[in-house]
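Engineer: coords below, sequence missing:
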Ligand code: SAM
């Protein structure tokens, strides 16, 4: 009998992945955790019934939340990753030899453990890298208390539920600003605008109160169904302009990033081209 992982994403809408084999199923202090072999997307990590990442298409999201800001900034040395328990973001960040330290603050050690055990195609050896500073804890508390300062903050959070709710708050963003060096960039995932438009609007509204520049860029992650995934950004510099600058192509070449399947200098520019239905969601951006 075929077994299915039914992901109820929004009222009246769900998607299902055929389960070939359950590799891990358990409950941590924070959430239900499952890792399974799927029929179409390889291994999948699910938290509280929602797909977090799949072997089949994690490269899109992980490449776009790392290489785009790193190559736009040009001098990223110290990175903070909030969440990101599967290690995919960490693995991509560490491909840059210019990065000297990547601090990752993930609240759930069960997610880290199952990712190391079953998702090595996503995290690789990132957790063992000597530049990795792995912290098990609440990212919101970390940015409130840390003395560290960062060139890039990547908020690799799930949807605003449970322990992740704080990662969408004004207080969290203000504390992120507190620990960012001049010219530093913050990037975050902000859902699928076709179904979660208000989440994008709310995030950018808060960014506009805290940073000089902010906005969104897009990527298509097939398992985050219903079209584009909005990635949001905030900085004292203009990420869209920096990402379109001629030096990005030279930095991309110099970084000699192996095996990328989504990010490239053309995408770095194109990703900021927003269709009208997304422009309408961003305060101060007029549709054509
Ligand atoms: N790539 C996924 C996506 O697009 O939604 C998110 C990946 S990652 C699995 C999200 C991680 O955020 C989870 O491992 C979860 O445990 C972690 N998390 C949730 N709330 C957190 C918090 N307050 N501080 C740190 N990590 C948190």
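Structural biologist: On my side now, so go ahead. Just so it is clear, the structure is predicted and the values come from calculations on it, not from any experiment.

Engineer: how about the lengthiest strand in the chain, does it reach the ligand?
Structural biologist: Longest strand in the chain, counting residues (DSSP state E): strand 13-27. No - in terms of C-beta under 6 Å from any ligand atom, no part of strand 13-27 sits within range of the ligand; the closest distance is 12.7 Å. From N, CA and C alone the C-beta is placed, and that goes for glycine too.

Engineer: for the following helix or strand past that strand, name the packing helices and strands.
Structural biologist: Later in the chain than strand 13-27, the nearest helix or strand by DSSP states H and E is strand 32-38. The elements that strand 32-38 packs onto, with contact taken as 3 or more C-beta pairs under 8 Å, 6 or more residues apart in numbering; DSSP states H and E, are strand 3-10, strand 13-27, strand 43-47, helix 109-118.

Engineer: would you mind finding the most buried of the ones you listed?
Structural biologist: Each of the helices and strands packed on strand 32-38 was scored by mean neighbour count; the highest is strand 43-47, a mean of 23, by mean count of other C-beta atoms under 10 Å.

Engineer: give me the contact list for it.
Structural biologist: 5, 7, 17, 23, 31-38, 51-55, 86, 111, 114-115, 118-119, 121, 158, 223 (C-beta atoms under 8 Å, 6 or more residues apart in numbering).

Engineer: each with direction, which strands does that strand pair with?
Structural biologist: According to DSSP bridges, strand 43-47 has the following sheet partners: strand 32-38 (antiparallel), strand 50-54 (antiparallel).

Engineer: quick one: closest of those strands to residue 68.
Structural biologist: strand 50-54 (17.7 Å; C-beta to C-beta).

Engineer: right, and the helix or strand after the closest one?
Structural biologist: By DSSP H and E, the next helix or strand past strand 50-54 is helix 58-64.

Engineer: what packs against that following helix?
Structural biologist: Secondary-structure packing of helix 58-64 (3+ C-beta pairs under 8 Å, 6+ apart): helix 88-93, strand 213-219, strand 229-235.

Engineer: again, 6 Å this time
Structural biologist: When contacts are defined as 3 or more C-beta pairs under 6 Å, 6 or more residues apart in numbering; DSSP states H and E, helix 58-64 packs onto helix 88-93.
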